[in-house]
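In: predicted coordinates and the sequence they were generated for:
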Amino acid sequence: MRVDVEGLSVEIAGARLVEDIGLRAGSGQVVGLVGPNGSGKSTLLRCVYRALRPAAGRVLLDGDDLHALGAREGARRLAALPQESSSEFDFTVAEVVAMGRLPHRGAAGRVTAEDTGVCAAALEQVGAAHLAGRGFLTLSGGEKQRVLIARALAQQPQVLVLDEPTNHLDIAQQLEVLALVRGSGLTVLAALHDLNLAATHCDELYVIAGGRIVASGPPHAVLTAGLLAEVFGVRAHRVPHPASGAPQLLFDRLP
Amino acid sequence: MATDFPAVSRPATGPAPGAPGPSGRSPSRRLPLPPLLAGLSVALLLSLLCCTALGASGAGWGGALRYLWAGLSGGTIGPDELSAYTIIWELRFPRALLAAVVGAGLSALGVGAQAMVRNALADPFTLGISSGAAVGANAVLLFGAFGSLGVWALSSAAFCSALVAMVLVYAAARTPHGLTPLRLVLTGSAMYYGFSAVTTLMVFSADRGEAGRSAMMWLLGSLGGATWSSVPIAAAVVLAGIGYLLWSARSLNALAMGDETAAALGVDAERLRKGLFLVTAAVTGAVVAVSGAIGFVGLMVPHVTRMLVGADHRRVLAVAPLLGAVLLLWVDLVSRLLLAPVELPVGVITALIGVPCFVLLMRRRGYVFGGA
């Protein structure tokens, strides 16, 4: 499923947080969103998974306006991992994953055998079937993230939106989560902090600064020394990844 | 649908299957629902009977059951039995029914409020809504406000003032950056004292010789005023409220994970919260109008329920009202009998039982409270 964001602007309490954003993710592509803190990455993504309403502009899924679709219909096509997704209450892993069936069944709907099967398959896909009976709050950061991906997969979406999915994870967990996401075959839109991870895992990158898109394209074309100096305020040296050849960055402070 | 994912090899991280978690907790225990619901229903019926039969009526078990049957089936009794019959049928049975209704309502309210503000310390009492509702109910009793609404006057006034109290608490807790659950609970607790003061002021300014007692009843709760006329309204509103919450149970699960997650799952958090807001005010109003501001039930029963059946709101909302009903029946019985013939406010007993229970439960291993 193709995602098009057209002329998107968001205002909160009179302040314009993102301005006239346009981006496109082709079906099955992994598109990364990078930019310094406070540049508007999360705000943009919140609009895409409907936690915010844009002041102007549209989000199109294969040409259908997302905000004109019903909330549940939208959630059947597009799933998300927001940055904060935790609860004071001790849900089990199975219960957290079962929440992914909400858009298919409604609040008062009965749980069907199909729901149970979809949830079990989703847990299996992320390699977390053995966690089903555990309390979600007792899991490690990496386990939590895998379970939340399983919840998103249980929505049977065609688009997956991730807001910094590798935050607070160790390096093995970071690589694992991104491999899971890439392997899902879904159209993915992800805000990423780590530019080297973004370079190796994304087909396309959009660089956002001050609420506007300042560059876009394949990682090797986007992540230039000049752009990194301008947007992130660092001096970057590019070297090819010895195994994959993907551009990797080494950083210094600007002189 | 693109659900054809490649299988993922076993992850290199994370514990082996079946290994205990990092904190050493075993998988959460969950009681099976059908036997639990059946058991609680039987306990509820038996508790209703006990609370009707026990006490100084002189009727005994046999007499109590006979009068109850006479009342239910429209049968006849002898003229010499009238005073005992009146005690059983006109006072105790409606009081027992009301205790069950109030207990169920308070427990369901606690579950709803805790999901609504995403905080384990929330209930209508700690959020200041109960004491707010008491202000409205008092206005009706003392000054005859809302007189044109007849039997609904008390509940309507309590509903309106509960709504006003909620809006006040929300407005006071609000910051430009939004609303944190902790601020809400702190503001609510502060408001509780304010509303209680207003109630006390009203009661004493319209002193009819029983002011201290009457204030105590409103602030700590009592079921002593139960009559047949007070049962149907409270029961109807409480049942409708529980129905609404059960109907929204899966959305409450999503809401408990945060507004953004709720949005991503297709739940309109703002609309759901507005619904919860109104239902909480309505049920709190109906309950407070007949029983005053009873604390601890709404706070404690949801936690006990979660320990029994887990956090899924479909299960919690099925069990909590039954548990709350049984609890309040016995609490009311104790409040009647402990210092008989003097009757204690219900809130005294709920606090006496509630506080130590609560501390014990919180400290017990295996129950995750507030994510700690």
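Out: Done, it's in.
In: what about stretch B:306-326, distance to the chain center?
Out: 12 Å (C-alpha atoms, centre = their mean, to the nearest Å).
In: so where's the stretch 51-200 of chain B shaky on pLDDT?
Out: For the stretch 51-200 of chain B, the stretches flagged by pLDDT under 70 are B:57-59, B:145-151, B:176-179.
In: chain A contacts on that one?
Out: For the stretch 51-200 of chain B, the residues in contact with chain A (C-beta under 8 Å from any C-beta of the partner chain) are B:Gln114, B:Arg118, B:Asn119, B:Ala120, B:Pro176. For the C-beta atoms, the positions are set from N, CA and C on the backbone; glycine is no exception.
In: closest to B:Ala249 among these?
Out: Closest to B:Ala249 out of those is B:Gln114 (13.3 Å), distances taken as C-beta to C-beta.
In: okay, now that closest one: neighbour count?
Out: B:Gln114 is flanked by 26 other residues according to other C-beta atoms under 10 Å in any protein chain shown.
In: B:Gly221 and chain A, how far apart?
Out: Per C-beta to the nearest C-beta, to the nearest Å, B:Gly221 is found 27 Å from chain A.
In: give me the nearest residue to that residue, chain neighbours excluded.
Out: B:Ile294 (3.3 Å; C-beta to C-beta, 6 or more residues apart in numbering or on different chains).
In: measure the one you found to B:Leu246 for me?
Out: Using C-beta to C-beta, to the nearest Å, one gets 22 Å for the distance from B:Ile294 to B:Leu246.
In: out of those two, which sits in the busier spot?
Out: B:Ile294 (30 against 18).
In: so which residue is dead centre in chain A?
Out: A:Leu162 (1.5 Å; C-alpha atoms, centre = their mean).
In: state the helix or strand in which that residue lies.
Out: According to DSSP states H and E, A:Leu162 maps onto strand A:159-163.
In: can you check A:Val188 too?
Out: Using DSSP H and E, the element containing A:Val188 is strand A:187-191.
In: the helix or strand just after that strand and chain B, are they touching?
Out: Next helix or strand after strand A:187-191 toward the C-terminus (DSSP H and E): helix A:195-201. No: Helix A:195-201 lies out of reach of chain B by C-beta under 8 Å from any C-beta, never closer than 15.4 Å.
In: list the buried ones in stretch A:129-140?
Out: For stretch A:129-140, a neighbour-count test (16 or more other C-beta atoms under 10 Å in any protein chain shown) marks A:His130, A:Leu131, A:Ala132, A:Arg134, A:Gly135, A:Phe136, A:Leu137, A:Thr138, A:Leu139, A:Ser140 as buried.
In: also stretch B:257-277?
Out: B:257-269, B:272-273, B:275-277.
In: kindly report the same for stretch B:195-215.
Out: Judged by neighbour count (16+ other C-beta under 10 Å), stretch B:195-215 contains these buried residues: B:Phe195, B:Ser196, B:Val198, B:Thr199, B:Thr200, B:Met202, B:Val203, B:Ser214, B:Ala215.
In: in a markdown table: those, plus distance to A:Leu102 and secondary structure.
Out: Compiled in a markdown table, the buried residues of stretch B:195-215 are given as follows (distance: C-beta to C-beta, whole Å; DSSP: H, G, I helix; E, B strand; the rest coil):
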| residue | distance to A:Leu102 | secondary structure |
| --- | --- | --- |
| B:Phe195 | 37 | helix |
| B:Ser196 | 40 | helix |
| B:Val198 | 42 | helix |
| B:Thr199 | 41 | helix |
| B:Thr200 | 46 | helix |
| B:Met202 | 45 | helix |
| B:Val203 | 47 | helix |
| B:Ser214 | 47 | helix |
| B:Ala215 | 46 | helix |
